[in-house]
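Q: model the following, please.
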Amino acid sequence: MQGVTVIDHPLIQHKLTLMRDKATSTAGFRTLLREIAHLMCYEVTRDLPLETVAIETPMGPMDAPIIKGKKLVFASILRAGNGLLDGMLDLVPAARVAHVGIYRDHDTLQPVEYYFKAPGELENRLIIVVDPMLATGNSAIAAIDRLKRRGANNLRFLCLLAAPEGIEKFTRVHPDVPIFTTAIDSHLNEKGYIVPGLGDAGDRMYGTK
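A: Coordinates of the predicted model:
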């Protein structure tokens, strides 16, 4: 699908299968999600601009590359997004963090915002929005809307699983925001869950119902 990158590295696919298994424990699920976030972070940041700085190695001076520009922002859609966020911060600990509190009304499937906190100067930063599931697309769209209202204009969306329905709606509303995922599953069921999916990511991360 145009605007969608499927990260199909064998290690990711192996770990994703373990996550899908309903017998995987809560602790195992969290660990696997964090590990996959490490691997996905490589891909979503592959084209970051670099500049060179003068440093001294133990053997002498050199000009060496570092990431150019303002610090990245990782924007987590609460609460399940924090599972990916933790892994991303392992690799980019200096990144700034935004939190977008959104839950899905189970009757209407529409997003309800309850919290928003973000760093300044979003217009000068790359913002990577993270949420394990792109199902109906409503929560992701609402989060991107909110960030754009704060000035964000360079965004990417990172998710573990996506449904065709969510991709279609998301790319129609935000065609300028590329999607990175590990798999595009079959469809949504009548309750708006991804099939075959892996269940409710937040519940499986935190052992809730």
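Q: every contact and neighbour count from this point should use C-alpha atoms.
A: Will do.
Q: can you give me the helices in this protein?
A: 10-20, 26-44, 81-91, 138-149, 164-173, 201-206 (DSSP state H).
Q: just put those helices in TSV and tack on mean neighbour count, distance to Gly120 and mean pLDDT.
A: As requested, the helices of the chain are exported to TSV (neighbours: other Cα atoms under 10 Å; distance: least, Cα to Cα, whole Å; pLDDT from 0 to 100):
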stretch	mean neighbour count	distance to Gly120	mean pLDDT
helix 10-20	16	33	97
helix 26-44	20	22	95
helix 81-91	22	19	94
helix 138-149	20	11	95
helix 164-173	18	25	96
helix 201-206	19	28	92
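Q: tell me which of these lies nearest to Val100.
A: For these, proximity to Val100 was assessed by Cα to Cα; helix 138-149 is nearest, at 6.4 Å.
Q: I would like the residues contacting that closest one, please.
A: Helix 138-149 has contacts (Cα atoms under 8 Å, 6 or more residues apart in numbering) with 77, 100, 102-104, 109-111, 129, 131, 134, 166, 170, 173-174.
Q: so that helix versus helix 164-173, what angle?
A: 20 degrees (axes from the mean of the first three to the mean of the last three Cα atoms, to 10 degrees).
Q: could you export helix 138-149 as CSV, CA atoms only?
A: The C-alpha coordinates for helix 138-149 follow below in CSV (Å, rounded to 0.1, in the frame of the first residue of the first chain):
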residue,chain,number,x,y,z
ASN,A,138,-9.7,6.9,14.7
SER,A,139,-7.3,7.2,17.6
ALA,A,140,-4.2,7.6,15.4
ILE,A,141,-6.0,10.3,13.3
ALA,A,142,-7.1,12.2,16.4
ALA,A,143,-3.5,12.1,17.8
ILE,A,144,-2.0,13.4,14.5
ASP,A,145,-4.7,16.1,14.4
ARG,A,146,-3.8,17.3,17.9
LEU,A,147,-0.1,17.4,17.1
LYS,A,148,-0.6,19.3,13.9
ARG,A,149,-2.7,21.8,15.7
